[in-house]
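Participant: Fold the following for me, if possible:
(one chain, ligands or ions: 1)
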Amino acid sequence: MPTVQLPCKVLVSGANGYIAVWVVRTLLEKGYSVRGTVRSEEKAVHLRQLFSSYGDKHEVVVVEDITKEGAFDEAVKGVDAIEHTASPFHMNADDPDELIIPAVNGTVGMLKSALKYGQSVKRIVITSSGAAVLRDTTTPFTFSELNWNEQCLEILREKGREAPNMMKYRASKTLAEKAAWEFWNKHKASVGWDLTVLNPPYVFGPAINEATTPSGLSTSSKLFYNYVAHPNSSGATNEFLASFGTTWIDVRDLAEAHVISLEKEAAGGERIIVSAGLWKWQDFIDVANTISPPPKLATGGLPKGNPGAGTGHPSTVHFLQYDTTKAARILGLKYRTLAEMTKDTLADYEAKGW
Ligand code: NDP
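Facilitator: Residues are numbered from 1 along each chain as shown. This next block holds a predicted model:
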């Protein structure tokens with residue numbers, strides 16, 4: 001398939017989300033025009049302000065309900081590429097369908113609209129997740145793009161509403177990604193676009209989406225705030241801080257990955273795991289305590305936890321690792337370090353007076 005080349009316009013769904021605002025910003029900085037979709041006019045206000053200097057290179061349109069047939073029909077018209085990020089990411093669903101229906105129907109709906117009205121579209125990038133790849137294990141395992149999370153689907157079949165909330169979320173991402181590949185395999189001979197799927201792990205880093213208080217942060221960035229800046233009131237024990245953690249990526253690097261995925265021909269038809277490496281909460285806390293001068297947080301001094309008890313400690317085990325050779329080969333991503341991300345995130349809290 002031909003790759004996307006400037007000048008061109010990219011549609012970003014869920015443009016007000018934590019990751020998506022960085023995707024929009026990265027696209028604009030690189031010279032792309034962007035059309036973002038949000039669920040209401042109210043959610044467009046912050047975006048319009050943030051990117052006002054880009055004039056008509058940045059537009060926001062309202063797609064109220066992404067689960068409706070034809071929801072994206074208008075939005076896809078005239079764009080050269082699509083970044084589909086909109087999908088519920090929270091751990092509060094009682095009925096699994098609260099997550100699964102928007103995840104699956106939103107994704108397939110976007111592809112259907114591109115099939116009908118996306119004559120100028122050359123590539124569609126979907127933000128899937130490591131959640132669609134991994135499974136819980138009791139022995140360390142390195143996952144690659146060949147792995148699919150069948151475990152969450154089995155648990156959901158057995159337990160339904162009683163399944164742990166994390167499993168409901170994982171199922172929504174697994175089913176949405178499976179549906180995307182199924183759709184593309186069925187239609188690839190007759191469309192002018194191809195598909196790239198990104199599978200990131202936990203995403204951390206500064207937030208430029210609308211969040212006036214820490215409670216307004218999106219799910220992964222709220223966890224970082226709670227456990228790195230504020231673990232005492234989160235009730236986290238030192239043992240938890242030293243033992244909980246998997247893999248991560250800086251939100252800015254993930255945004256970069258979304259843009260590079262439009263540009264690299266070899267990314268077409270690929271699911272790609274993007275991950276900077278391993279973490280335990282204690283690792284971020286240790287690094288935070290080396291920052292000079294120390295960040296001034298409204299929550300008081302930084303926590304200490306149990307210094308040195310995270311990654312690298314002889315008793316620390318990482319059950320999950322990712323093989324990221326495909327991302328290195330195709331995208332050539334350079335990841336920010338854990339220290340860089342932690343410093344910038346705490347500076348972001350300080351600037352916001354949190
Ligand atoms: P956010 O919650 O910040 O953004 C989610 C976006 O999806 C928002 O624009 C939100 O709109 C929209 N959305 C949520 N539910 C619905 C719905 N039912 N109908 C329509 N739109 C909806 O999360 P992130 O930016 O963190 O996540 C973005 C994507 O990245 C998601 O697909 C997520 O699964 C994936 N991901 C995130 C990771 C992370 O650690 N953050 C890790 C791996 C993958 P609104 O504001 O109106 O609710």
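
Participant: Now do the helices in the stretch 201-350 of the chain.
Facilitator: Here the stretch 201-350 of the chain has its helices, by DSSP state H, counting those that start in this stretch, at 219-224, 231-234, 238-243, 251-263, 281-288, 325-330, 338-352.

Participant: tell me which residues of stretch 52-69 are tucked away?
Facilitator: For stretch 52-69, the neighbour count (16 or more other CB atoms under 10 Å) marks 54, 57-60, 63, 66 as buried. From N, CA and C alone the C-beta is placed, and that goes for glycine too.

Participant: Of these, which are in range of the ligand?
Facilitator: Among these, the residues within reach of the ligand (CB under 6 Å from any ligand atom) are I66.

Participant: residues in contact with the residue in the chain that the ligand sits nearest to?
Facilitator: Scanning the chain for the residue nearest the ligand gives G17, at 2.5 Å (criterion: CB to the nearest ligand atom). Counting by CB atoms under 8 Å, 6 or more residues apart in numbering, G17 makes contact with 85-86, 89, 209, 218.

Participant: Format the residues you listed as JSON lines; extra columns: pLDDT.
Facilitator: Formatted as JSON lines, those follow (pLDDT from 0 to 100):
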{"residue": "T85", "pLDDT": "98"}
{"residue": "A86", "pLDDT": "98"}
{"residue": "F89", "pLDDT": "97"}
{"residue": "N209", "pLDDT": "98"}
{"residue": "S218", "pLDDT": "97"}
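
Participant: Throw those residues into CSV and include neighbour count and distance to G277, thanks.
Facilitator: CSV is the format used below for the contacts of G17 (neighbours: other CB atoms under 10 Å; distance: CB to CB, whole Å):
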residue, neighbour count, distance to G277
T85, 26, 23
A86, 25, 28
F89, 22, 22
N209, 22, 24
S218, 18, 22
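
Participant: ok, back up a step: per-stretch mean pLDDT over the helices of the stretch 201-350 of the chain, give me the minimum one.
Facilitator: Across these, helix 231-234 has the smallest mean pLDDT, namely a mean of 70.

Participant: Format the helices of the stretch 201-350 of the chain as JSON lines; extra columns: distance to S128.
Facilitator: Listed next are the helices of the stretch 201-350 of the chain as JSON lines, based on distance: least, CB to CB, whole Å:
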{"stretch": "helix 219-224", "distance to S128": "15"}
{"stretch": "helix 231-234", "distance to S128": "28"}
{"stretch": "helix 238-243", "distance to S128": "27"}
{"stretch": "helix 251-263", "distance to S128": "12"}
{"stretch": "helix 281-288", "distance to S128": "25"}
{"stretch": "helix 325-330", "distance to S128": "13"}
{"stretch": "helix 338-352", "distance to S128": "22"}
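
Participant: how deep is C152 tucked in, by neighbour count?
Facilitator: By the criterion of other CB atoms under 10 Å, C152 has 27 neighbours.
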